[in-house]
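Chemist: quick one: sequence and predicted model below, then my questions.
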Amino acid sequence: MESKLINLTSLSQQALKVGEKLCHKADTFVKECRNDIENIEIIYPKLRFIWGELGVQVQTVQKLKKIAAKQNGILQEFYANKEQELSIIIDKLDNTLEGLRHKHVDSAIRENAIAIERAIARENNSNILGDLEKGIEFDLKNKKDSGEKAYLYDYVYEQSIQDLKVKTQEEQYHTTSSKILEQINTQQKQLDEMILNNTISPEKSGIDLSHEKFIALEQEANSMAETLVSLARNYDQVSAALKACQLHADASLNLDISVLEKDIGLLQPIVQELQEGLQYIESLSEEVRAINRFYCASYDEANKLFSELDNFGSSFESFSNTIKELEVDFEKSNVIVDRLLDELLNLNMVYEEFSRAYDHMIIEIDRRHRIKEQHEKLLEDYSNKLEALYLEESRQRDLFFQNHGRYIPMDLCPPIQ
């Protein structure tokens, strides 16, 4: 009997191990399926959002086109009225700048400026106050560099003038609004093509189907778990019978193991049932995984489309902001354009004053030279007087020392020595 029980225990143990392995795989499929469903539930709202956002974006583009077209026409008409005034001011400014182009910078002034620049570079950020106090000195050795800025125009920041001209000119506004219309049309075509050619599916049927599959999968997994509990219970019963038989090996023990033998005979069909259950679970899991892969593929494409849409959104936002700026410009058109024209007039005045200021600077340089010479003469006179006073003081101290100081102890009054 003991040998039979050992054999039954071995068969039960083998069936239990196979069942545990099959149930473990089933549990793995359940977890994977749950992850797939969770992923689908995360991805699906994003798909719906992108799909809705695309429709909104298309409508936005249409509105932008209408606004841009209207504003473009208004701006062209308005700034045409300022064209003649702008032309007169620019001609006047150009004439002033032309005068600066033909007005030479005194070579000595430029040579001195170059000398100071080089001295500053050599001293490497040292205090330049001392250099300035020396007055204006001329270094003829730098004569070869004086041609670098030979005319007053060389000191004009030409780029700022050009920027202001371009900013003020009517054509700038016309070109800006026209280009916006062209760019909006181009990007709308690209957006339309993207929407038509995508394979995104915003339908919810895949989510419902995956939930149905998962419910069936969980039910089958629970059934397998219950079967595994039965296998474990059978193994416990056979093991207990074997232990009882081994404990009473010397005694006469009558055990009825027919029921156990009958149960062992059912193990193979039960294991087969578990294998079929695992195959069913795997099949359901694969179906859910296929749905997940479909949504993942849709999401990848949607994500790419969303990135493209984000780029479009940035462009459209830029277009919208530019159009709004143009609208504000139009609402404040008189103030803005007149201010720009005033800036050009003021700029012309500045450069006219620059030309006159240069003439006065020549006079100022001459005046400073004369003052410098006066200061140097005074300094020389004071130096001579101080030198005479110093010599007289030294003589008096020497006389005191000869007559009296040498008789005074050192520690009595050290300073007097």
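Modeler: On my side now, so go ahead.
Chemist: what are the boundaries of the helices in the stretch 101-250 of the chain?
Modeler: 107-123, 129-133, 158-168, 170-197, 205-247 (DSSP state H, counting those that start in this stretch).
Chemist: for D91, which of those helices is the nearest?
Modeler: Among the helices of the stretch 101-250 of the chain, the nearest to D91 by CB to CB is helix 158-168 (11.5 Å). In this view, the C-beta of every residue, glycine as well, is placed from N, C-alpha and C.
Chemist: tell me the average confidence for the closest one?
Modeler: In this model, helix 158-168 has an average pLDDT of 75.
Chemist: and the gap between L47 and S307?
Modeler: As judged by CB to CB, to the nearest Å, L47 and S307 stand 15 Å apart.
Chemist: number of residues surrounding L100?
Modeler: As a burial measure, L100 scores 18 neighbours (other CB atoms under 10 Å).
Chemist: try F29
Modeler: 22.
Chemist: likewise for M224?
Modeler: M224: 24 neighbours (other CB under 10 Å).
Chemist: what's the least confident stretch among the helices of the stretch 101-250 of the chain?
Modeler: The stretch with the lowest mean pLDDT among the helices of the stretch 101-250 of the chain is helix 129-133, at a mean of 45.
Chemist: now render the helices of the stretch 101-250 of the chain as TSV, adding distance to E387.
Modeler: Below are these laid out as TSV (distance: least, CB to CB, whole Å):
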stretch	distance to E387
helix 107-123	31
helix 129-133	23
helix 158-168	56
helix 170-197	71
helix 205-247	106
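Chemist: out of those helices, which gets nearest to K31?
Modeler: helix 205-247 (10.1 Å).
Chemist: in terms of secondary structure, what does that closest one contact?
Modeler: Contacts defined by 3 or more CB pairs under 8 Å, 6 or more residues apart in numbering; DSSP states H and E place helix 205-247 against helix 2-80, helix 258-265, helix 267-331.
Chemist: burial of E20, as a residue count?
Modeler: 14.
Chemist: buried set for stretch 28-35?
Modeler: 29-30, 32-33 (16 or more other CB atoms under 10 Å).
Chemist: what's the closest of these to L274?
Modeler: F29 (13.2 Å).
Chemist: nearest residue to the closest one in space, please, no chain neighbours.
Modeler: S285 (4.2 Å; CB to CB, 6 or more residues apart in numbering).
Chemist: is it correct that I43 is in contact with Y295?
Modeler: Yes. Assessed by CB atoms under 8 Å, I43 is found in contact with Y295 at 4.9 Å.
Chemist: quick check: K4 vs Y390, distance?
Modeler: 136 Å.
Chemist: if we can go back for a sec, widest-spaced pair of the buried residues of stretch 28-35?
Modeler: V30 and E32 (7.4 Å).
Chemist: and for the two, which residues touch both?
Modeler: Common neighbours of V30 and E32, using CB atoms under 8 Å, 6 or more residues apart in numbering, are S285.
Chemist: out of the helices of the stretch 101-250 of the chain, which is closest to F401?
Modeler: Comparing the helices of the stretch 101-250 of the chain by CB to CB, helix 129-133 comes nearest, at 39.5 Å.
Chemist: give me the phi and psi for D106.
Modeler: Backbone torsions for D106, taken as degrees, to the nearest 10, come to phi -50, psi 130.
Chemist: contacts only, for it.
Modeler: Neighbouring residues of D106 by CB under 8 Å, 6+ apart: I362.
Chemist: got a pLDDT number for it?
Modeler: 75.
Chemist: re the thing from before, between I43 and Y295, which is the more surrounded one?
Modeler: Comparing I43 with Y295 by neighbour count (other CB under 10 Å), the higher total belongs to Y295, at 25 against 19.
Chemist: can you give me the pLDDT of that one?
Modeler: So, for Y295, pLDDT stands at 79.
Chemist: can you find the helix or strand in the protein with the smallest mean pLDDT?
Modeler: helix 129-133 (a mean of 45; mean pLDDT, DSSP states H and E).
Chemist: quick one: S320 and I180, what's the gap?
Modeler: Counting by CB to CB, the gap from S320 to I180 is 10 Å.
Chemist: can you check L274 too?
Modeler: Distance from L274 to I180, by CB to CB: 69 Å.
Chemist: with I120 instead?
Modeler: Distance from I120 to I180, by CB to CB: 49 Å.
Chemist: look at the two and report which has more neighbours.
Modeler: Taking other CB under 10 Å, I120 and I180 do not tie; I180 has more neighbours (23 against 13).
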